[in-house]
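Engineer: Sequence first, predicted model second:
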Amino acid sequence: MPKILMIDDDVELTRLVAEYLALDGFEFLAVHDGEQGLQQAASAGCDLILLDVMLPKLDGLSVLKALRQGPYCPVLMLTARGDDIDRILGLELGADDYLAKPFNPRELVARIKAILRRIELLQQDAPQQASVLELNAVKLNSQNRQVSCNQQPVTLTATEFQILEQLMRRAGEIVSKDELSRLVLGRRLQQYDRSLDMHISNIRKKLAQHSDSEKIQTLRGSGYLFLTQGNG
């Protein structure tokens, strides 16, 4: 039974979410400020965290930054509708996805299931595919989910890892944004949805810490391309 931790100061909303998640067999725990959230995240052994941006005592972005200093746990950010800055910052800090308030609880459940399904797929063996990919100084091991660039370790979120794996498995081939969104995020690309762009930006920044050559090209209107050789 997957355990979900919700960190949100809206008590009524957490009760509503608890009811919907219970129908799908999830275990649920809610706390209502950032400090309690960090404490529970460290001790509760949760499978996914729902994290509001606006929190008392410690804001959601600060909580996310602290979470990413410890063991990995997927995080779905809850942001105010139209607040692009919080969404961008959240994805830059390592959130796996975001959902704007107010939201349909069914959409929230669908997002949670999609993230957990991605984690499960990453943990499964894939004997029909090469478990180790090595291209353009980047090495990706799908068995232990480790990535390195020029032999230096690179820490990625589960979402970033799966995006990179999809691109590397089709290196030299353009992968459309819509296809990548369906494969990795589990949904069709929506207008004005910049989450993929931000995940790609994060991957680029992390790889660039260990290499000067370009790894991923963005082809405007087409998609993304993992380069088999560096061009810079």
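Structural biologist: Received the coordinates, thanks.
Engineer: Pull the contacting residues for residue 31.
Structural biologist: 5-7, 37, 39-40 (C-beta atoms under 8 Å, 6 or more residues apart in numbering). Glycine gets a C-beta too; all of them are placed from N, C-alpha and C.
Engineer: how many neighbours does the closest residue to residue 166 other than its chain neighbours have?
Structural biologist: Among residues not flanking residue 166 along the chain, residue 183 sits closest, at 5.7 Å (C-beta to C-beta, 6 or more residues apart in numbering). The number of residues packed around residue 183, counting by other C-beta atoms under 10 Å, is 14.
Engineer: Show me the shaky parts of this structure.
Structural biologist: 81-83, 122-130, 192, 230-232 (pLDDT under 70).
Engineer: Dihedrals phi and psi, the closest residue to residue 73 other than its chain neighbours?
Structural biologist: Leaving aside its chain neighbours, residue 73 sits nearest to residue 49 (5.8 Å; criterion: C-beta to C-beta, 6+ apart). Backbone torsions of residue 49, given as degrees, to the nearest 10, read phi -120, psi 130.
Engineer: Downstream of the helix ranked longest in the chain, the next helix or strand is which one?
Structural biologist: Selection of the longest helix in the chain by residue count, based on DSSP state H, yields helix 105-123. Going down the chain from helix 105-123, the next helix or strand is strand 132-135, by DSSP states H and E.
Engineer: Residue 97 reaches residue 87, doesn't it?
Structural biologist: No: under the criterion of C-beta atoms under 8 Å, residue 97 is not in contact with residue 87, lying 10.0 Å apart.
Engineer: Could you confirm residue 19 falls within a helix?
Structural biologist: Yes: the assignment for residue 19 is a helix, going by DSSP: H, G, I helix; E, B strand; the rest coil.
Engineer: contacting residues around residue 139?
Structural biologist: Neighbours of residue 139 in contact, by C-beta under 8 Å, 6+ apart: 132-133, 147-149, 151.
Engineer: try 7 Å this time
Structural biologist: With contacts defined as C-beta atoms under 7 Å, 6 or more residues apart in numbering, residue 139 is in contact with 132, 147-148.
Engineer: likewise residue 57?
Structural biologist: The contact partners of residue 57, by C-beta under 7 Å, 6+ apart, come to 33-35.
Engineer: does it sit in a helix or strand, and which one?
Structural biologist: Counting by DSSP H and E, residue 57 is part of no helix or strand.
Engineer: Tell me how far it lies from residue 63.
Structural biologist: 10 Å (C-beta to C-beta, to the nearest Å).
Engineer: joint contacts of the two?
Structural biologist: The contact lists of residue 57 and residue 63 share residue 34, where a contact means C-beta under 7 Å, 6+ apart.
Engineer: so what's residue 168 closest to, chain neighbours aside?
Structural biologist: residue 133 (4.7 Å).
Engineer: so that neighbour bridges to which residues?
Structural biologist: residue 140 (DSSP bridges).
Engineer: ditto for residue 98
Structural biologist: Assigned bridge partners for residue 98, using DSSP bridges, are residue 77.
Engineer: dump the residue contacts of the spatially most central residue of the chain.
Structural biologist: In the chain, the residue lying closest to the centroid (C-alpha atoms, centre = their mean) is residue 96, at 1.9 Å. Taking C-beta under 7 Å, 6+ apart, we find residue 96 in contact with 74-76, 115, 157-159.
Engineer: Before I go, just wanted to say thanks for your time.
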